[in-house]
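**Q** What follows is a predicted structure for the sequence shown.
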Amino acid sequence: MYVGMYVMFPVSLQAQDVAGFEKRMQVYMDEYLRENLEKVKEAESVRHHCSPLTEEAFVGITLGQAKTSFIMNNYEEYMITYFSSENRTLADTFICDNGGFEDGFQYYHGYSSFYLPNNTFFDGSDFCYPVGYIDNLPVQFIPSPLPTQNRFEIVTQGLDNLVGINKVKFGNKAARINSPMGHNTQCYNYESGIDRLVKSFKVTSENKDFTVWYAAVLENPTGHINSQPFISIKCDRSPGFDLCFDADSLKCEKEYYDSICTGDSNFDVLNWTCHRIKIPDQFIDSIATLEITIADCGFGGHRGYAYIDGICEPCYGSALGSANLNSINYVSCYEEFVPEYATVCGKFTLPTLNSNCNYSGDPWELLSINVPGFQISNVTINQDSKTFCFNFPITNFGNEDCLDIYLEMFFSDGTDTLPPQESNTIEICQNEYTVIECESVIGPIDTCGVIVDIKISGCQSNGTGGDNDIDQTPNISDDYYYVYLTLYDPDDLGWSIGRELVEPYPNEEDLLDLGYGTGDTINMILGPFLIQEGDWWIHVYLPDCDFTTYIDAPDYCSGCDQFRDLKVGNVECYLTAYGWRFNLYVPNENSNATGYNLNGTIPKNYNIIEPIIVGPISGGCKVYTLSDIDNPLCTSSFTICPPKPCVNCDLDVIVKDVECVYNPKTQTYTGFKVHLDLSDIDPVNEQACVGYSYTPTSFAFTYIGFYSDGSYDFGPFTDDVYMYVRICNRGTDCATCTTSCYKYLYIPKPDCVTQKEIEEGLEKRSIEKELVENQDTKGELIVIPNPFSTDEVIIRSALDVTVYEIFDMSGRFIQKGSFKGREERIKLNVTKGTYFIRYHDKTGKPAIVRMIKL
């Protein structure tokens, strides 16, 4: 009457063959039971059990042995009968296929065994390699149909009845290997069962690093040395990343009440944890095999089981802690005797063991990090924002162009330190390393979980005199610099950047928009900025958070050394709304210096703020020359323009960009264009007349035309240019109209060759084109935000018409849609996990974008 309990094979394969095989097996099992029941009782009497075995339990153990014996004696017939050739042949299967078990056990195989039954001792849990004590032979595994009750089962959302953890991590389903129940009887004996789930797959460059999420429940018997319940996760192509531990290895013991079987029992419970496996590049295109093994206690009286889910899902929130490397900044500042370096940053999550483990109870912290096989420096860890950064010196490279690196993390609660946890792998390439001359460095600074790193370059002289100039002319007003900004991993959050001058011109816009965008790590070169504009505040705007820091403009590098620290500022209207002045400050560390002359004859003092009264604003821009009184050959000059009149003038003029014009035929720069934003012009009664001149003293401006509010390109120009924007009555002649509202501008000729070398060498990103560049690299389509946590996302596309379909990890269709234009806001009501948007790119080829629901 017991036999029917154990023959649980599917009947949908070859019904006649199955029926015949099972009939013969039942006859064998009945005979085996009659001949071996007393022997089993005698053998079990020397083994430890939680409670005395019943007659039913002894029968169950005996029949289990009988079934295994019959299958092993008829193995080939068993495989042909129960496993089709299709199931046993590896097709083009990849590790992420059905990684969440939403399609049951498709692509997986099951194998079962037990600790050898004829020996007194049962060893192997310490190394997850069970063997018999006397003959020291490994246990034998036989194929098991999937699913098999109490061995391999698909579970759905809900809590584990025994220990209360979630049975599913992602989506709606997960796999459970082994069981809280017995294999041959409901309770009392667990047959020393060992169950193994196996998946063979093709290794690719995309899946050579993958994850396995698991939650383990291991009963913890006392005194069972090397015979504890255990869990093992291994891949034959990556033995260095094997996972193996038994119940005795965890400090998570807690008493749980089992109302069905044993009453109160001690269990070690490890909630959902992410394990990483990394396969070397040499095995790409080969076949790898993943094995996940769960074992009961070797003595048969204690159980172990585990839930498996989320193969290939991201490692966020693992019970043992996790980290992700997600950004690299290759720009470093030159330091003598210090090698070039790249700054690598990432985020981590802390362990969550305190809730069900008897650790100290003190908060976990990320104690330290290292990169196996390589040297790192300048490690910074922010425990509050859960971020870290380190420098990766270029000296780590040998002959390799690129290296794959990952992180080992060590978490501690002050008393205990967990085994190292690995991060994801990223590629770092030595040809990307770039060194610049830095005036100063700000950061890396953590703000709102986004790391901001700022490097301020030194001065570039632009061919107007100084150390690197041939003509040695002394004007310093076109000296410039760049700001190198990195936003590490804003998780596709929207961001924008603003610039606020410390001493802006009066009645003019003092907060300028430098750009906006979305994306992962953003490396940008901001500028060039003119040093004469002075210091400024940079504002980085993130969702629900603003970051602001001070940018100290570098010293000049043109003209005489004596005047390279001068400051020009506080430009303002003076005496009348149509007069102006500014402040000039020239420091000098030589206390015996006499002073300097302004424009040759006006003596001024060092280290004193000198107010310079200019006169009427209508006089336009002015050029001033400074010469040291003690050394008249030490000269510098600068150009400064007035503010607009301080009454009755709403006109706003902003220089948005200066663009070099390149002639590909001659391969030379032939000039430059000036991009102006014009605003606050009355569209009914006013027009803005725009003119230019190559000399500051000439009022004979050449007028280009008249304009309303908008953005316009002017030029090309061939030399330093003075521009004049005046408000006239609509319809009047620009050259003869009278006006009381106007603005003078001085635009230095850009240092095209040097600037382009700097910008192209570092792959300068035009922030205004940030969206387009992201779409180019990601396939014309992005999801905002990504990852997302609500039921609504924005699909932003560079295509004229976008037709898309959304699938989950297992390839199950979710929804589809289409839209015209730049973006579409869609409802996406899905569970946590990874999803894919499939669309056709601009060439008509299928393309995929991954998105993650948190």
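**A** Sure thing, it's come through. Small disclaimer: the values here were computed from a predicted structure and weren't measured.

**Q** CA atoms for contacts and neighbours, from now on please.
**A** Fine.

**Q** Any stretches of the stretch 251-400 of the chain with poor pLDDT?
**A** Along the stretch 251-400 of the chain, the model assigns pLDDT under 70 to residues 255, 257-264, 298-301, 354-361.

**Q** That one: strands as residue ranges?
**A** 253-258, 263-278, 287-295, 304-309, 322-329, 331-333, 341-349, 365-370, 377-382, 387-393 (DSSP state E, counting those that start in this stretch).

**Q** So which of those has the densest surroundings on average?
**A** strand 304-309 (a mean of 27; mean count of other CA atoms under 10 Å).

**Q** Just want the angle from that one to strand 263-278.
**A** 40 degrees (axes from the mean of the first three to the mean of the last three CA atoms, to 10 degrees).

**Q** In terms of helix, strand or coil, where does Glu35 fall?
**A** Put simply, Glu35 is helix when judged by DSSP: H, G, I helix; E, B strand; the rest coil.

**Q** Correction: the previous question concerned Ile71.
**A** helix.

**Q** ok, it - contacts?
**A** Tyr78, Ile142 (CA atoms under 8 Å, 6 or more residues apart in numbering).

**Q** That one and Ser113: what is the separation?
**A** Shown here: Ile71 relative to Ser113, a distance of 12 Å by CA to CA, to the nearest Å.

**Q** anything in contact with each of the two?
**A** With CA under 8 Å, 6+ apart as the test, Ile71 and Ser113 both reach Ile142.

**Q** can you count the residues close to Ile376?
**A** 19 (other CA atoms under 10 Å).

**Q** same question but for Pro683, I mixed them up
**A** 11.

**Q** repeat for the one 3 residues further on
**A** Neighbours of Glu686 under the rule other CA under 10 Å: 18.

**Q** I'd guessed it sits against Asn729; true?
**A** Yes - if you go by CA atoms under 8 Å, Glu686 and Asn729 touch, sitting 4.7 Å apart.

**Q** What's the end-to-end length of stretch 444-453?
**A** Length of stretch 444-453, first residue to last, CA to CA: 4 Å.

**Q** let's have the chain start at 61 instead
**A** I'll keep to 61 as the first residue from here, and by that count the last item is stretch 504-513.

**Q** Tell me the buried residues in that stretch?
**A** Under the neighbour-count criterion of 16 or more other CA atoms under 10 Å, stretch 504-513 has Pro504, Ile505, Asp506, Thr507, Gly509, Val510, Ile511, Val512, Asp513 buried.

**Q** mind listing which of those residues are in strands?
**A** Pro504, Ile505, Asp506, Thr507, Val510, Ile511, Val512, Asp513 (DSSP state E).

**Q** wait, what's in contact with the nearest residue to Thr695 once chain neighbours are set aside?
**A** Excluding the flanking residues, the one nearest Thr695 by CA to CA, 6 or more residues apart in numbering is Ser687, at 4.4 Å. Contacts for Ser687 (CA under 8 Å, 6+ apart) come out as Tyr656, Asn657, Leu658, Asn659, Gly660, Leu693, Cys694, Thr695, Ser696.

**Q** Mind doing that once more with 6 Å?
**A** Tyr656, Asn657, Cys694, Thr695 (CA atoms under 6 Å, 6 or more residues apart in numbering).

**Q** can you tell me how far the spatially most central residue of the chain sits from Val890?
**A** The residue lying closest to the centre of the chain (CA atoms, centre = their mean) is Asn386, at 3.4 Å. From Asn386 across to Val890, the span is 26 Å (CA to CA).

**Q** Going along the chain, name the helices of this protein.
**A** 75-104, 115-133, 135-142, 145-148, 812-821, 830-838 (DSSP state H).

**Q** Can you flag the weakest of those helices by average pLDDT?
**A** Here the lowest mean pLDDT among the helices of the chain goes to helix 830-838, at a mean of 39.

**Q** Spatially nearest residue to Arg885, not counting backbone neighbours?
**A** Spatial nearest neighbour of Arg885, excluding adjacent residues (CA to CA, 6+ apart): Ile854 at 4.3 Å.

**Q** Nearest to Ala126, out of the strands of the stretch 311-460 of the chain?
**A** strand 347-355 (20.2 Å; CA to CA).

**Q** Show me how far that closest one is from its chain's centre.
**A** 29 Å (CA atoms, centre = their mean, to the nearest Å).

**Q** Mind giving me the packing neighbours of it?
**A** Using 3 or more CA pairs under 6 Å, 6 or more residues apart in numbering; DSSP states H and E, the elements in contact with strand 347-355 are strand 253-262, strand 290-295.

**Q** Residues contacting the first one, please?
**A** To tie it back to what came earlier, the one meant is strand 253-262. Here strand 253-262 has contacts from 153-155, 168-174, 346-356, using CA under 6 Å, 6+ apart.

**Q** Specify the residue ranges that define each domain of the protein.
**A** For the chain, automatic domain parsing gives the domain ranges 148-369, 382-495, 497-611, 621-700, 712-799, 839-913.

**Q** highest average neighbour count across the ones you listed?
**A** It is domain 148-369: most buried of these by mean count of other CA under 10 Å, with a mean of 21.

**Q** that older thread, same list (the strands of the stretch 311-460 of the chain) but as TSV, adding distance to Phe848.
**A** TSV is the format used below for those (distance: least, CA to CA, whole Å):
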stretch	distance to Phe848
strand 313-318	36
strand 323-338	20
strand 347-355	30
strand 364-369	20
strand 382-389	17
strand 391-393	31
strand 401-409	17
strand 425-430	26
strand 437-442	24
strand 447-453	20
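
**Q** beta partners of the closest residue to Tyr763 other than its chain neighbours?
**A** The spatial neighbour of Tyr763 that comes closest, neighbours along the chain excluded (CA to CA, 6+ apart), is Gly751 at 3.8 Å. Per DSSP bridges, the residues bridged to Gly751 are Tyr763, Tyr784.

**Q** Can you name the residues that contact Gly751?
**A** Per CA under 6 Å, 6+ apart, neighbours of Gly751: Phe761, Thr762, Tyr763, Ile764, Met783, Tyr784.

**Q** at 7 Å instead, please
**A** Phe761, Thr762, Tyr763, Ile764, Met783, Tyr784, Val785 (CA atoms under 7 Å, 6 or more residues apart in numbering).

**Q** gap between it and Val785?
**A** For Gly751, the distance to Val785 equals 7 Å [CA to CA].

**Q** joint contacts of these two?
**A** Joint contacts of Gly751 and Val785 (CA under 7 Å, 6+ apart) do not exist.

**Q** give me the low-pLDDT residue ranges for the stretch 761-910 of the chain?
**A** Across the stretch 761-910 of the chain (using pLDDT under 70), the flagged ranges come out as 821-839, 869-871.

**Q** give me that answer again for 90
**A** Applying pLDDT under 90 to the stretch 761-910 of the chain flags the ranges 770-771, 775, 795-799, 811-863, 865-874, 878-887, 889-910.

**Q** quick one: the strands in it?
**A** 762-767, 770-777, 781-789, 802-807, 841-844, 852-857, 861-868, 873-880, 883-887, 893-900, 906-913.

**Q** Out of the ones you listed, which is closest to Ser517?
**A** Of those, the one closest to Ser517 (CA to CA) turns out to be strand 802-807, at 21.3 Å.

**Q** okay, and for the stretch 611-760 of the chain, where does confidence drop off?
**A** Short version for the stretch 611-760 of the chain, where the test is pLDDT under 90: 617-621, 651-652, 659-662, 692-693, 716-717, 722-729, 755-760.

**Q** so where do the strands sit in it?
**A** Counting by DSSP E, counting those that start in this stretch, the strands of the stretch 611-760 of the chain are 627-633, 639-645, 656-658, 662-664, 669-676, 682-688, 695-700, 712-723, 728-739, 746-753.

**Q** Specify the angle between the first one and strand 639-645 in degrees.
**A** Computed by the same axes, to 10 degrees, the angle separating strand 627-633 from strand 639-645 equals 160 degrees.

**Q** Identify the neighbouring strands of strand 627-633 in the sheet and state each direction.
**A** Strand 627-633 has these strand partners (DSSP bridges): strand 639-645 (antiparallel).

**Q** how much does the partner strand deviate in direction from strand 669-676?
**A** 160 degrees.
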